[in-house]
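Engineer: Only the shape, not the letters, is given here:
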């Protein structure tokens, strides 16, 4: 509630008028249903961030940037650039 109110205050009066409506949805059965639906639509993953390359195998590493680069390179089908 505090975050929604703060964001609305920063964005202006149109959003300030919507805070109570937003919180009513979030805290009610509609909000709960929306969260459940989003969870059902989320693919199984080991944690966040989860990065997929070509929609395959999550790339996980303590140094995720290196892992992503290595996976992209391993799946790249074009010619090497100089």
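Structural biologist: Thanks, I have the structure now. Computed from a prediction, not measured in an experiment: that's the story for all the values here.

Engineer: neighbours around the residue nearest to residue 1 when sequence neighbours are not counted, how many?
Structural biologist: Once flanking residues are discounted, residue 1 sits nearest to residue 23: 5.6 Å by C-beta to C-beta, 6 or more residues apart in numbering. For every residue, glycine as well, the C-beta is placed using N, CA and C. Neighbour count of residue 23, defined by other C-beta atoms under 10 Å: 14.

Engineer: host element of residue 23?
Structural biologist: Here residue 23 is covered by helix 19-27, with elements defined by DSSP states H and E.

Engineer: Mind checking what helix or strand follows that helix in sequence?
Structural biologist: By DSSP H and E, the next helix or strand past helix 19-27 is helix 29-41.

Engineer: returning to that earlier point: ok now the helix holding residue 23, how far from the chain's centre?
Structural biologist: Centre-to-centre, helix 19-27 and its host chain are 21 Å apart (C-alpha atoms, centre = their mean, to the nearest Å).

Engineer: Sort out which residues of it are buried, please.
Structural biologist: 19, 22 (16 or more other C-beta atoms under 10 Å).

Engineer: Which other helices and strands does that helix contact?
Structural biologist: helix 2-11 (3 or more C-beta pairs under 8 Å, 6 or more residues apart in numbering; DSSP states H and E).

Engineer: Show me what the helix it packs on is packed against.
Structural biologist: For helix 2-11, where contacts count as 3+ C-beta pairs under 8 Å, 6+ apart, the packed elements are helix 13-16, helix 19-27.

Engineer: Same list as before, these that is, but in TSV and with mean pLDDT and distance to residue 33 included.
Structural biologist: Conversion of the helices and strands packed on helix 2-11 to TSV gives the following (pLDDT from 0 to 100; distance: least, C-beta to C-beta, whole Å):
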stretch	mean pLDDT	distance to residue 33
helix 13-16	78	23
helix 19-27	86	10
